[in-house]
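> Sequence and predicted structure are below.
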Amino acid sequence: MTLSVLRGLDTLNFDFILGSSGKMGVYFVQPNELITYDKKEYGFFESFPAGTAMAIDKLDSYVQQFKLILNPETGAWKGLGGFITMGKQFKPVWDWYHFWNFTAFLSIVLAFMNILPIPALDGGHVMFLLWELITGKTPSDKFLEYAQMFGFIILLSLLVLANGNDILNLFN
């Protein structure tokens, strides 16, 4: 039997072979029936390179997501969440693995955000120190004050956007 599906302007054809019952349909299947999981255990010394690889993978994934959020055309900024979204990440039943995995993710995200060259964060201070190192001149106190205010406004705006999205999602 051939099933034709119209997706956009394309027509896709799928061949089906019906089972002995001769029935075709859509039904619910538990994800664990379709997906198999492998559990790999590490020794003490093996856990360090495995953890480092996992942290690098998480950081790379976060950087890719951050690029999407900064691009208004993708609309990814609409998925940005704040405190409510973070609270929803926890399951009703306590799970130590999920807790530590989420804690590590938040730590990586905060470290990444902190090194961005935004005034008021460590990355902004490094940016001004590099400027001083290259030019030999210290930025004026007034300039640094305005830069700190600008950086704080950026951070506050991100906070309002993320938590505003949470509040809007409560009503949708």
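That came in fine, so what should we check first?

> When you work out contacts or count neighbours from here on, use the C-alpha atoms and nothing else.
OK.

> Can you pull up the most central residue in the protein?
With distances taken as Cα atoms, centre = their mean, Tyr62 lies nearest the centre of the chain, 4.7 Å away.

> I'd say it and Val109 touch.
Yes - using Cα atoms under 8 Å, Tyr62 is in contact with Val109, at 7.3 Å.

> before we move on, back to that, need the contact list for the residue nearest to the centre of the chain.
Counting by Cα atoms under 8 Å, 6 or more residues apart in numbering, Tyr62 touches Val109.

> Could you report the distance from it to Ile69?
Counting by Cα to Cα, to the nearest Å, the separation of Tyr62 from Ile69 is 10 Å.

> related to what we said a few turns ago, look up the pLDDT of the residue nearest to the centre of the chain for me, please.
Tyr62 carries a pLDDT value of 86.

> Where is the longest helix in the chain?
Secondary structure of the chain per DSSP state H: the longest helix is helix 141-171.

> Determine the set of other helices and strands touching that one.
helix 83-88 (3 or more Cα pairs under 8 Å, 6 or more residues apart in numbering; DSSP states H and E).

> cutoff 6 Å now
Here helix 141-171 touches no other helix or strand, going by 3 or more Cα pairs under 6 Å, 6 or more residues apart in numbering; DSSP states H and E.

> Now the least confident helix or strand in the chain by mean pLDDT - C-alpha only, PDB.
Least confident element among the helices and strands of the chain, by mean pLDDT, DSSP states H and E: helix 31-34 (a mean of 74). Output in PDB follows, covering the C-alpha atoms of helix 31-34 (Å, rounded to 0.1, in the frame of the first residue of the first chain):
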ATOM      1  CA  PRO A  31       8.900   6.400  24.100                       C
ATOM      2  CA  ASN A  32      10.900   3.600  25.900                       C
ATOM      3  CA  GLU A  33       9.400   1.100  23.400                       C
ATOM      4  CA  LEU A  34      10.900   3.000  20.500                       C
END
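
> returning to that earlier point: can you give me the distance of the residue nearest to the centre of the chain to Pro117?
Distance of Tyr62 to Pro117, computed by Cα to Cα: 17 Å.

> Can you list the buried residues in the longest helix of the chain?
Across helix 141-171, burial judged by 16 or more other Cα atoms under 10 Å covers 144, 147-148, 151-152, 155, 159, 161-166.

> Among those, which one lies nearest to Leu121?
Closest approach between those and Leu121, by Cα to Cα: Gly151, at 7.6 Å.

> quick one: which helix or strand includes Asn4?
For residue 4 the amino acid is Ser, not Asn. Element membership of Ser4, judged by DSSP states H and E, is strand 2-7.
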